[in-house]
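Student: Can you look at this prediction? I've put the sequence above it.
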2 protein chains.
Amino acid sequence: MVVREKILDMVVGCFKRHGAKRLDTPAFELKEMLTEKYGEDSGLIYDLKDQGGELLSLRYDLTVPFARYLAMNKVKKMKRYHVGKVWRRESPTIVQGRYREFCQCDFDIAGQFDPMIPDAECLKIMCEILSGLQLGDFIIKVNDRRVLDGMFAVCGVPESKFHAICSSIDKLDKISWKDVRHEMVAKKGLAPEVADRIGDYVQCHGGVSLIEQMFQDPRLSQNKQALDGLGDLKLLFEYLTLFGIAEKISFDLSLARGLDYYTGVIYEAVLLQTPAQAQESFNVGSVAAGGRYDKLVGMFDPKGHKVPCVGLSIGVERIFSIVEQRMKTFGQKIRTTETQVFVATPQKNFLHERLKLIAELWDAGIKAELLYKNNPKLLTQLHYCEDMGIPLVVIIGEQEMKEGIIKLRSVASREEVAIKRENLVAEIQKRLSES
Amino acid sequence: MVVREKILDMVVGCFKRHGAKRLDTPAFELKEMLTEKYGEDSGLIYDLKDQGGELLSLRYDLTVPFARYLAMNKVKKMKRYHVGKVWRRESPTIVQGRYREFCQCDFDIAGQFDPMIPDAECLKIMCEILSGLQLGDFIIKVNDRRVLDGMFAVCGVPESKFHAICSSIDKLDKISWKDVRHEMVAKKGLAPEVADRIGDYVQCHGGVSLIEQMFQDPRLSQNKQALDGLGDLKLLFEYLTLFGIAEKISFDLSLARGLDYYTGVIYEAVLLQTPAQAQESFNVGSVAAGGRYDKLVGMFDPKGHKVPCVGLSIGVERIFSIVEQRMKTFGQKIRTTETQVFVATPQKNFLHERLKLIAELWDAGIKAELLYKNNPKLLTQLHYCEDMGIPLVVIIGEQEMKEGIIKLRSVASREEVAIKRENLVAEIQKRLSES
């Protein structure tokens, strides 16, 4: 939990730096709100039992609830972040690294704005967070749903199969092109020559020059949708260059993203571990993703009024395990509490004095603990401080009481000094502010 | 959300001051884990649909999941806090001020310790939080389940009716003694003279002297359970006096707490608004509560091993609405974002410069925004800052570009100064650290 909190603080700090306000929505939504939003994964939605009220489901992500919220409250413009749990009926034993309950951290910009400015900011946020967390080198793959659809069209995919083929392409980060091609041809009934034409495209990735190349592509340049997408991507790269992050972004024609609701630019950040590994398997792990969804809010509005949106989601669960793993490797120990001072005594029948003293520390805002025993042994008390990493111990005893003093012990150095009883709080505060 | 976060930060800060570590548990538990834990309220548990896995329910509070966690992981000792959502099938239109989803903030101490030391700390925490939040005057009612049971026994309540009568007594903060008496006699079949004997007790409240009085009570002093409870309460008050909070605590024989799992001391904090109001209706609103539950962990342990626990829950939803209401009354305005600097231009075709500049601010950790427009009007940009309470504006234009300067404007004073372009970040950081 300590590691999680540190990571979440960093992520939320970045969201706030970009002017987002916090929003929260309920864990459950009306079941009907979630249907037909998640493509092939809809079967993973948890439904609540019909107990004589509405038919409810647990939210599957934070994007659909956000769109529902905007439509319900007729909000036309909003920059919000949301940190919350989502639920999916995965079989954790079958799909490794997936959970049935996990935390999502989303940032989204809703509203009608000039093209690609908010989109570029989303990519900037992803870069800031991934750099800030020091997870190692990373790259963000970018594509556009319209480029994908255009590509399918010019390759000869029947429109009825766009969705199915898109889902296959989406698996390219997990399985090889050969296997994806087999799925498209054998399972989804695509003509082999169409599959091969797609293969030529989806194995391309690069920067602005690849966008230019696609503009010149004899087939793709005949498709209006593809040209719109390419035009936006070109503008996006212009802004990414101004933000100083263009070299972190790769235009990748194999990026598909499984969710139904995306309508424009889509992106996904992956960690690259070492150059050698990066060559073998490009996708060491997706740690953040997002895209533009201009029609989702309209699906919840009774009159179909649209609010264009673009956003991103940070894969914090994945990041948690990476950071935890790294800490284990380096043998880093983490304190689970923040206690600053421990109140101890070497003597029997000193509970009353310990209680009075600790109340004084708490009232001064000092984080303090004692053992809940009438007569604990001094050694037990000192061991507790070492185990828990508590830096300071206050030791009170009969002799000290008589002299109006108290002992302050540093757990690390085992040094003890006697100080005047009335100066105790001030001395502790001084020591804590110095450390 | 901003108000909620401030209150939660304060509550969590207090929990950490008392040495607690954070714990999180899943939103759902196995259905069987929640049965027979919540008395009459069990019908309010949300069940998940049987989708071919386990039978699951959404958690109803954070206490039962904590006990389940301790038993499952064989943890014998732990001081933890938990901030999380819980779910209850209330009808919000019928029961005012209750929600179907709400946030709970719990602090609990598990382990075998010397009597009443952790219990006293729980009451100290409640006092620190309620004082810290400046909600006005409050009092914490304290009782003990064993005193209640002893009282029922000596009044002649049949043991089979303890639970039902306890639930009736629990309503004394909402309905009058007359109505509670009626419910006990007419609905729960208690003999009227038994009800009247209970009535004599439950209308008593006071401090240590009332405990002494009850020790002398001819009936109650004959009951071992009651004497055990009274003995612990006496010791508790001794510790509360050392903590300097005894005058905030009232021994109240009418306090029952509906939940099945309490076994010892129980407590509930209520706000007192004005002395006049306090006389009329003692219970302006329960804002925190808790108690000792020594047998709950054993219910989850296959061998029945017990881990004594005591804890408290802060009623943050109630506190949120009180603070919100007070802010409305005093016309306080709260910023929903933390943006420090806005990047503006009076000129057309300055998007590139704005983007480069804002990236520089973000990279320096400065919270900054701009409008997502190619050519926004200066007035629109300045109005946005006033609306959102953004304190500083950076204004960039052609003339300034040529001279290598930039204008920094204070939104409040409308003062503008020109500074060197390369000193911008330093100057902003200086201003922000001063304010």
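Tutor: Right, received. Where do you want to start?

Student: could you measure the residue sitting nearest the centre point of chain A against chain B, distance?
Tutor: Nearest residue to the geometric centre of chain A (CA atoms, centre = their mean): residue A:314, 2.5 Å. Between residue A:314 and chain B the computed distance is 16 Å (CB to the nearest CB, to the nearest Å). The way it works is simple: take the backbone N, C-alpha and C, and place the C-beta from them, glycine included.

Student: for residue A:379, same thing?
Tutor: Residue A:379 is 18 Å from chain B, by CB to the nearest CB.

Student: And residue A:107, by the same measure?
Tutor: 13 Å.

Student: In chain A, which helix is the longest?
Tutor: Using DSSP state H, we find that the single longest helix of chain A is helix A:224-242.

Student: For the following helix or strand past that one, which strands pair with it and how are they oriented?
Tutor: Counting by DSSP states H and E, the next helix or strand C-terminal to helix A:224-242 is strand A:249-252. If you go by DSSP bridges, strand A:249-252 pairs up with strand A:138-144 (parallel), strand A:205-206 (antiparallel).

Student: Let's see the helix or strand that strand A:249-252 is followed by as CSV, backbone CA atoms only.
Tutor: Counting by DSSP H and E, the next helix or strand C-terminal to strand A:249-252 is strand A:265-271. What follows is strand A:265-271, C-alpha atoms only, in CSV (Å, rounded to 0.1, in the frame of the first residue of the first chain):
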residue,chain,number,x,y,z
VAL,A,265,-6.1,8.9,-32.5
ILE,A,266,-5.2,5.9,-30.3
TYR,A,267,-2.0,5.3,-28.3
GLU,A,268,-0.4,2.9,-26.0
ALA,A,269,2.9,3.2,-24.1
VAL,A,270,5.2,0.2,-23.7
LEU,A,271,8.3,-0.2,-21.7
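
Student: Remind me what strand A:265-271 packs against, helices and strands.
Tutor: If you count contacts as 3 or more CB pairs under 8 Å, 6 or more residues apart in numbering or on different chains; DSSP states H and E, strand A:265-271 packs onto helix A:117-132, strand A:138-144, helix A:224-242, strand A:286-292.

Student: hang on, the earlier thing: the longest helix of chain A vs chain B: in contact?
Tutor: Yes. Counting by CB under 8 Å from any CB of the partner chain, chain B has neighbours in helix A:224-242: A:239, A:242.

Student: Now do that helix and helix A:117-132, the angle between them.
Tutor: Calculated by axes from the mean of the first three to the mean of the last three CA atoms, to 10 degrees, helix A:224-242 forms an angle of 50 degrees with helix A:117-132.

Student: Contacts for helix A:224-242, please.
Tutor: For helix A:224-242, the external contacting residues (CB atoms under 8 Å, 6 or more residues apart in numbering or on different chains) are A:115-117, A:119-120, A:123-124, A:142, A:144-151, A:153-154, A:207-208, A:211-212, A:214-215, A:220-221, A:246, A:249, A:251, A:264-265, B:352, B:355-356, B:359.

Student: go with 6 Å
Tutor: With contact meaning CB atoms under 6 Å, 6 or more residues apart in numbering or on different chains, helix A:224-242 is reached by A:115-116, A:119-120, A:144, A:146-147, A:149-150, A:208, A:211, A:214-215, A:220, A:246, A:249, B:352, B:355-356.

Student: Quick one: mean pLDDT over that helix.
Tutor: Averaged across helix A:224-242, pLDDT comes to 97.

Student: tell me the angle of that helix relative to strand A:286-292?
Tutor: Orientation of helix A:224-242 against strand A:286-292 (the same axes, to 10 degrees) gives an angle of 120 degrees.
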